[in-house]
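J.: When you get a sec, could you give me coordinates for this:
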Amino acid sequence: MKKTTIALALLLPVAFFTGQYFSGPAMQAPSLTADVSFSGGAAASGNAKKSVIDHGEDGQVHQVKPGQLIMDAVKAAQPGDVIQVFPGDYVETVYIDKDNIRLSGVIIDGQRPRLYGEERLNDAILYSGNNILIENFLITKYKGNGIMGQAGNNFEIRHNIIEDTGVYGIFPQLGINGLVEHNVISGIEDAAIYVGMSDHIHVANNEVFDSVAGIEIENSRHAVVENNFVHNNTGGILAFVTPGLPIKDTVDVIIRNNWISNNNTANFGAPGSMVAGIPAGTGILIMAADEVIIEDNIIIGNKTAGIIITDHQNAPNTTLDPESDPTPDKVMVLNNLMYNNGYDTIAEAKVLMATEFKQGQPDIIRVGNSNGSCINNPQQYITVGVSKWPACSFTNTDSVVNYLLEEPAAPRTVAADEKGKYVYLGVCTGCHAYTGRLIGPPVQVIQSLYMDEPQALADYILNPVKKRDDYPAMPKQDYLDAETRLAVAEYMLKVGN
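T.: Residues are numbered from 1 along each chain as shown. Predicted coordinates:
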């Protein structure tokens, strides 16, 4: 690379903070040529935010000021209402179990409302309602999650600053049709942005850093991850299939136009967890996900490799699920700017390179099986494991603006006899796979411990006590009422893989 090219590349981060990178003409969402076939959703037209949420008629505005509780306003709110939170400190957990609520921080003279967990509260904001908007908060010092969605459809999470909130920063789980944009997130023990078991998702224009995983798309379908600044994490952007979850695949993910640099932070994930197996210095990691397109990213300074593609058999801390396809199929690597990756790579990568009689700093590493994958202009990169991949039949994804739905998804409704199931899917599976380790122990282990004692498990959910040194303490789920806790305990003790 010429010195002038390097100088230009090093200037690009400035554009993130001047607005040029996010909104300039060069970064308009491209569209896909007719040669490409996808199993995914239809491309939406126009503004990405046009139809994510349908709040219906405008309702009442509730104002919350320092000394008041946000949760009191949530209790008083009706569908369609807006809750405005003024600058100040709010030490609480906010749980939104109603539809059509807009939770909006008011920024005055640069000051925004701060949700402060005092390093003792578990979660800042939880929502299980549909059509939810959360914006303009500073969230810090929680132990579990900054913002977590629990099976709510149609959501927008935007313009928040989230620092040091434990396991996850922004975590939509089991949602359809969601937008996560213009957030700044750092200091997270698992993933700064973690999209779990969700469909039709757009993750754009965020900055994520100083976390174990920057952005993770896990057991989800039809997602676009674009225009994000992902730096100084252990791993930058991940597309995963985690074995043992109820949804068994990750399919149709576009990772494009992201700046992914210097993701060399030592891994501080929970020992033994899947995320703890990510090698420091990973730019993009694809594990068992299908139909992933990697396009027009700037991937620089990641010491292990710019892109790692692996199956389950070769991934650390991973157990096999007979119902999940363990191979990453139809992975497509288009044009990407890659420079100075793999300069201090791991021993396993050096062994792989030796099998192909290669030396140097690997940009792309593929280990294990992969079917139907392709790569354009491979001569631009130092690679191992992809030498037999053909050229892709297309060069860009310009025709795909996003995978958001043209109209909002139908609100998720939960019948009384399904309450346990949806709490299990929307809450429990964020930390517990049926087999294998995520954050907490596998569901199989929980079933063996409690067997025919659902009330004992429900009591533990209310007031957990740390039992094992090799797992982090489970947070209280005391925002769930007694009936719900018992329902989810009964469901968890009978559920299969």
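J.: For the stretch 201-350 of the chain, which residues score under the pLDDT cut-off?
T.: Low-confidence segments of the stretch 201-350 of the chain, defined by pLDDT under 70, are absent; every residue clears the threshold.
J.: residue contacts, the residue nearest to the spatial centre of the chain?
T.: By C-alpha atoms, centre = their mean, the chain has its centre lying nearest to Tyr194, at 2.0 Å. When the contact criterion is C-beta atoms under 8 Å, 6 or more residues apart in numbering, the partners of Tyr194 are 168-171, 213, 216, 218. C-betas here are computed from N, CA, C, even on glycine.
J.: any idea which residue of this protein is furthest from its center?
T.: Computed with C-alpha atoms, centre = their mean, the residue of the chain farthest from its C-alpha average is Phe357, at 36.7 Å.
J.: Please tell me how far it sits from Val351.
T.: 12 Å (C-beta to C-beta, to the nearest Å).
J.: Just the helices from the stretch 51-200 of the chain, written as ranges.
T.: With DSSP state H, counting those that start in this stretch applied, the stretch 51-200 of the chain shows helices at 70-76, listed in chain order.
J.: remind me which residues of it are low pLDDT?
T.: Along the stretch 51-200 of the chain, the model assigns pLDDT under 70 to residues 51, 55-56.
J.: and with 80 instead?
T.: Residues of the stretch 51-200 of the chain meeting the criterion pLDDT under 80: 51, 54-58.
J.: what about the helices in the stretch 301-450 of the chain?
T.: Counting by DSSP H, counting those that start in this stretch, the stretch 301-450 of the chain has helices at residues 347-355, 419-426, 443-450.
J.: What helices and strands are in contact with the second one?
T.: Contact analysis of helix 419-426 by 3 or more C-beta pairs under 8 Å, 6 or more residues apart in numbering; DSSP states H and E lists strand 145-150, helix 482-494 as its packing neighbours.
J.: what's the most buried one of these?
T.: Mean neighbour counts were compared across the helices and strands packed on helix 419-426 using mean count of other C-beta atoms under 10 Å; the top stretch is strand 145-150, at a mean of 28.
J.: What does the nearest residue to Lys303 once chain neighbours are set aside show for phi and psi?
T.: On the basis of C-beta to C-beta, 6 or more residues apart in numbering, the spatially nearest residue to Lys303 that is not a chain neighbour turns out to be Gly281, at 3.4 Å. Here the main-chain torsion angles of Gly281 (degrees, to the nearest 10) amount to phi 100, psi 20.
J.: hang on, isn't Gly281 packed against Thr345?
T.: Yes. Contact between Gly281 and Thr345 holds when scored by C-beta atoms under 8 Å: they sit 7.3 Å apart.
J.: With Val414 as the reference, measure out to the nearest residue to Gly67 once chain neighbours are set aside.
T.: Taking C-beta to C-beta, 6+ apart, and ignoring the residues beside it in sequence, Gly67 has Gly88 as its nearest neighbour in space, at 7.7 Å. Gly88 sits 34 Å away from Val414, taking C-beta to C-beta as the criterion.
J.: Please apply the same query to His222.
T.: Here the distance between His222 and Val414 works out to 23 Å (C-beta to C-beta).
J.: before we move on, the earlier item: out of Gly281 and Thr345, which sits in the busier spot?
T.: Gly281 (28 against 22; other C-beta atoms under 10 Å).
J.: can you give me the end-to-end distance of stretch 430-448?
T.: Taking C-alpha to C-alpha, to the nearest Å as the measure, stretch 430-448 stretches 20 Å from start to finish.
J.: who's in contact with it?
T.: Counting contacts by C-beta under 8 Å, 6+ apart, the residues outside stretch 430-448 that touch it are 148, 167-168, 171, 173, 190, 196, 242-245, 270, 272-274, 317-319, 321, 428, 457, 468, 471-472, 474, 492-493, 495-497.
J.: Let's see that with 7 Å instead.
T.: Outside of stretch 430-448, the residues within contact range by C-beta atoms under 7 Å, 6 or more residues apart in numbering are 167, 171, 173, 190, 196, 242-245, 270, 272-274, 317-319, 321, 471-472, 474, 492-493, 495, 497.
J.: how about it: buried residues?
T.: Within stretch 430-448, the residues that qualify as buried by neighbour count (16 or more other C-beta atoms under 10 Å) are 430-444, 446-447.
J.: Would you mind checking the average pLDDT for that stretch?
T.: Per-residue pLDDT over stretch 430-448 has a mean of 79.
J.: Just give me how far that stretch sits from the chain centre.
T.: For stretch 430-448, the separation from the chain centroid amounts to 20 Å (computed by C-alpha atoms, centre = their mean, to the nearest Å).
J.: same check, this time on stretch 224-237
T.: Shown here is stretch 224-237, whose average C-alpha point lies 10 Å from the average C-alpha point of the whole chain (C-alpha atoms, centre = their mean).
J.: likewise stretch 464-474?
T.: For stretch 464-474, the separation from the chain centroid amounts to 24 Å (computed by C-alpha atoms, centre = their mean).
J.: Would you mind writing the CA trace of that stretch as PDB?
T.: Provided in PDB are the C-alpha atoms of stretch 464-474 (Å, rounded to 0.1, in the frame of the first residue of the first chain):
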ATOM      1  CA  PRO A 464     -30.300 -16.400  43.300                       C
ATOM      2  CA  VAL A 465     -27.300 -17.300  45.300                       C
ATOM      3  CA  LYS A 466     -23.900 -17.900  43.700                       C
ATOM      4  CA  LYS A 467     -23.300 -21.700  43.900                       C
ATOM      5  CA  ARG A 468     -20.200 -22.200  41.600                       C
ATOM      6  CA  ASP A 469     -17.000 -20.300  41.300                       C
ATOM      7  CA  ASP A 470     -16.700 -21.200  37.600                       C
ATOM      8  CA  TYR A 471     -19.900 -19.300  36.700                       C
ATOM      9  CA  PRO A 472     -20.800 -15.600  37.300                       C
ATOM     10  CA  ALA A 473     -23.500 -14.800  39.800                       C
ATOM     11  CA  MET A 474     -27.000 -14.900  38.300                       C
END
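J.: Residues contacting it, please?
T.: In this structure, residues lying in contact with stretch 464-474 by C-beta under 7 Å, 6+ apart are 270-272, 439-441, 476.
J.: which of these lies closest to Gln111?
T.: Of all these, Gln111 sits closest to Lys476, with 30.7 Å by C-beta to C-beta.
J.: Could you look up the SS state of the closest one?
T.: Going by DSSP: H, G, I helix; E, B strand; the rest coil, the secondary structure assigned to Lys476 is coil.
J.: show me the residues around Leu126 that make contact.
T.: Neighbour list for Leu126: 93, 95, 148, 150, 479 [criterion: C-beta under 7 Å, 6+ apart].
J.: Let's see that with 10 Å instead.
T.: Shown in contact with Leu126 (C-beta atoms under 10 Å, 6 or more residues apart in numbering): 93-97, 144-145, 147-150, 152, 171, 426-427, 477, 479-480.
J.: beta partners of it?
T.: Tyr95, Met148 (DSSP bridges).
J.: where along the stretch 251-400 of the chain do the strands fall?
T.: Read by DSSP state E, counting those that start in this stretch, the stretch 251-400 of the chain holds these strands, from start to end of the chain: 251-256, 259-261, 282-287, 290-295, 298-300, 305-310, 332-333, 337-339, 364-367, 374-375, 383-384.
J.: can these go into a markdown table with extra columns for distance to Cys392?
T.: Putting the strands of the stretch 251-400 of the chain into a markdown table (distance: least, C-beta to C-beta, whole Å) gives the following:
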| stretch | distance to Cys392 |
| --- | --- |
| strand 251-256 | 13 |
| strand 259-261 | 20 |
| strand 282-287 | 15 |
| strand 290-295 | 9 |
| strand 298-300 | 18 |
| strand 305-310 | 14 |
| strand 332-333 | 5 |
| strand 337-339 | 16 |
| strand 364-367 | 14 |
| strand 374-375 | 4 |
| strand 383-384 | 15 |
